[in-house]
Each structure stands twice: as structure tokens, then as C-alpha cells.
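Asker: All I have is the shape, not the residue letters:
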């Protein structure tokens, strides 16, 4: 489809409606593919990086609302995706751009959404939807566009309420690789890194490779014996969608790795799974943290970073002082805290080489304040290898 054809399609104004599980209805017009899509409706506050958002596997099963009003201005290209496909279940924008204004653009956002079968809605009051979710919490919803917009309203609501809630869902199998993928180390090689793919983004792989790791991205259902078979110097758990309470196998695998003495770094979903592996609980946030403007305090340095987030669950841990791991892994402390709402944003084990953060230090859409955490992981692994060699 040419840009002129895409612009004309946006002006067609096929009807569409967003229906929430509490019965709220927000009419608009179709954007992207036509049809019906169901998922958890969430909002993200990033004003840039919409292509990175769409291709973030952590958004699997979710209908994403952009709070920034103007979306699609710079089109899309083949360089910026964070994974192999668009993962959002649906897309909500206020004012989609009819003109693409970037020398890097290869097609319009509307064309890309239609090609990938992503049902969206535009022209609705996204501020009203955001305030509704912020007051009542994230909830199930559906977009009905084109002919589906004419479905009886009671039938539309039934489709929404019969959809499974995000709580209790294990979505790792949907987003993980099926076979191992290896990215060579950049520069001097430290060793092999076992990355458990729970929804990893390409920027994370590249950041790890640049720190001297040969990155082995492994399927979500890998066994500990298969992890050990690559002779790893450390283990890494990626971001990903779903409820951490539904990922018992990943928790057991991580506990095996920690008992074996392997250094560990986890981000986002990986932070929640480290919390569970240490014996802590997790819980669902009312509306989550999604965007690239979240202030987080690193208690180790006293530094505040503006960070990229995408999570609906969090770790339940005491914010002050150190505490003993209920699962027997020694002393633990909350290393990072969100300054908006005091949510646990990082954990650090004091007696074993393991730490994690709840946000995205790779932040391909920006900002890059937290990129130093990859250096911290590199230093921890090198220090561990040095101690291991000294004791050999």
C-alpha cells in the first residue's frame, strides 16, 4: 500500500469501539487491521519509541494505549524492532499521523499494523480511558472494528468478560525461541552466558554481547542440565509477559542455578522470578508501570535514574534494611525503589552473586540512564571467576 493509499484508508473512518469489562464503551474509528481482539487494556506514557513498544514481547496478551496523542509520525522501519514480530494484542491511539515524516521510514504504522493483523482503534479520548484505568485498575477489554463494531453490545461485553484475566497466565511459551540462538561476544570473550528467553528484546542481547559474553538465548522450557551443557559463566533471565506466580518451573530452574553458584542477573520478569526464587511473594499492581519516564533510586549509589518500564506485577519485600531469604539463600536487600510509589525496583543478594532490576536497562527507545547495570553484571561475573580461580 502506498503512503497516499494508507492516508486515504485512515480517512475511511470505519467504525470501531473499545469495550471494557466493567461495561464502559469508547467509540472511535478503525486503525490497522479490522476485526476483533481481546486482551488486558493497559497504558504506556512514552512519547517516543512506539515501534519498540509494539515489538516488546512483554506486551503479549495486552491491548496497549498510547497516552501521547500523536502516533505514527515517523513511520516504521526494519532496524528498530525489538523482536521478530509485533506482540501487542491491540493498539489504541488518539490521533494517528496521516503523513510519515522520517528519512528512515519504510512504511506507515497503519500499514504495518494491518500487515501483521493487529486490530486497533483511533480517534477516541485516550485521556478518559487512561484516567478510568488509573482509577479502577487495568482490566480486560476488546476492540471491535469494521463489521465487528456492529455486533450487539451485550454480545461484545460477553466476549470481553469470558476472556481470561492476566492473573494466573503463563505466557512464556508464546514469546520464547524454540531453539537456542547464539550471538558472539564483542571483543575479549568472558564466557558463555545462559539467557533464559521469557520474552527477550534484541537490545538486551546486544548489550550483553558488548560486555564480552557469548550470548546463548535458550528456550523457556530448558532444563538445568541443558543450561550446564553450554558451560555458562552466568545465567540471565529476561523480561517477559504473564504472572510470575504461574512460572514455578522457571523459579525451580533459577534456584538450581543459584545453588550451583552461578552468578545471576534478571530484568523485569526476571526480577520477579528472582524474588520468588529467594522465597518472596509477588502481587499485581493496580495499573502497572509502562513508559520511559519512571524515576528509580539506586540505593547502592544514591543515584536517581529515569528508566523504561513495562510490568504489571511486582515483588513483595521489606523496603528497609536487610532480611534473610526465606528460601535459604542468605541475606537480601531491596537495592532499587520506585520514587513514584515505593514499589520494589531491584533486589540484591548479599551472600551469593545475584541481583535484578524491575525495569529495562537496555532501553532501546530511551532513556539510557540505567545502562550501567550491564557493566555491574560484567564486573560481578569477572570478580566471581577470579575468586573461583583463586580457590581452584
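Answerer: That came in fine, so what should we check first? Just so it is clear, the structure is predicted and the values come from calculations on it, not from any experiment.

Asker: longest helix of the protein?
Answerer: Longest helix in the chain by number of residues (criterion: DSSP state H): helix 372-390.

Asker: what comes into contact with that one?
Answerer: 190-191, 207-208, 210-213, 233-234, 236, 263, 265, 353, 355, 357, 361-362 (C-beta atoms under 8 Å, 6 or more residues apart in numbering). C-beta coordinates here come from the backbone N, C-alpha and C atoms, glycine included.

Asker: got the angle for the strand ranked longest in the chain vs helix 372-390?
Answerer: Ranked by number of residues, the top strand in the chain under DSSP state E is strand 281-298. Note on geometry: by axes from the mean of the first three to the mean of the last three C-alpha atoms, to 10 degrees, strand 281-298 and helix 372-390 are set 100 degrees apart in direction.

Asker: what comes up buried for strand 281-298?
Answerer: By neighbour count on 16 or more other C-beta atoms under 10 Å, the buried set for strand 281-298 is 282, 284, 287, 288, 289, 290, 291, 292, 294, 296, 297, 298.

Asker: do the same with stretch 362-375
Answerer: Applying 16+ other C-beta under 10 Å to stretch 362-375 flags 362, 363, 364, 365, 369, 370, 373, 374 as buried.

Asker: Mind giving me the ChimeraX select for the contacts of helix 372-390, buried ones only?
Answerer: Selection command for ChimeraX covering only the buried members of the contacts of helix 372-390, criterion 16+ other C-beta under 10 Å:
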select :190,191,207,208,211,212,213,233,234,236,263,265,353,355,357,361,362
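
Asker: Helices - which of the contacts of helix 372-390 land there?
Answerer: Filtering those for helices - DSSP H - leaves 207, 208, 210.

Asker: And those, which is closest to residue 114?
Answerer: residue 207 (32.3 Å; C-beta to C-beta).

Asker: how near is the closest one to residue 313?
Answerer: 24 Å (C-beta to C-beta, to the nearest Å).

Asker: and if you look at residue 222?
Answerer: Residue 222 sits 23 Å away from residue 313, going by C-beta to C-beta.

Asker: helices or strands next to the longest strand of the chain in the packing?
Answerer: strand 36-44, helix 126-136, helix 269-277, strand 303-316, strand 331-338, strand 344-349 (3 or more C-beta pairs under 8 Å, 6 or more residues apart in numbering; DSSP states H and E).

Asker: at 6 Å what do you get?
Answerer: For strand 281-298, the elements it packs on are strand 36-44, strand 303-316, strand 331-338, judged by 3 or more C-beta pairs under 6 Å, 6 or more residues apart in numbering; DSSP states H and E.

Asker: Name the strands paired with the last one and say parallel or antiparallel.
Answerer: Within its sheet, and counting by DSSP bridges, strand 331-338 is paired with strand 281-298 (antiparallel), strand 322-324 (antiparallel), strand 344-349 (antiparallel).

Asker: Not counting the first one itself, show me its contacts.
Answerer: Contacts of strand 281-298 with the rest of the structure, by C-beta atoms under 6 Å, 6 or more residues apart in numbering, involve 42, 44-46, 133-134, 137-138, 167, 244-245, 272, 304-316, 336-339, 345, 365-366.

Asker: Filter those down to the buried ones, ChimeraX style.
Answerer: The buried residues among the contacts of strand 281-298 can be selected in ChimeraX (16+ other C-beta under 10 Å) with this line:
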select :42,44,45,46,133,138,244,245,272,305,307,308,309,310,311,312,313,314,315,336,337,338,345,365
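
Asker: quick one: low-confidence parts of the protein?
Answerer: 1-12, 392 (pLDDT under 70).

Asker: Spatially central residue in it, please.
Answerer: residue 58 (3.2 Å; C-alpha atoms, centre = their mean).

Asker: Can I take it that it is in a strand?
Answerer: No: per DSSP: H, G, I helix; E, B strand; the rest coil, residue 58 lies outside any strand segment and is helix.

Asker: returning to what we had before: can I get the helices and strands packed on strand 281-298 in CSV with distance to residue 186?
Answerer: Shown next, in CSV, are the helices and strands packed on strand 281-298 (distance: least, C-beta to C-beta, whole Å):
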stretch, distance to residue 186
strand 36-44, 31
strand 303-316, 22
strand 331-338, 27
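
Asker: which stretch among the ones you listed comes nearest residue 151?
Answerer: Nearest of these (C-beta to C-beta): strand 36-44, 7.8 Å.
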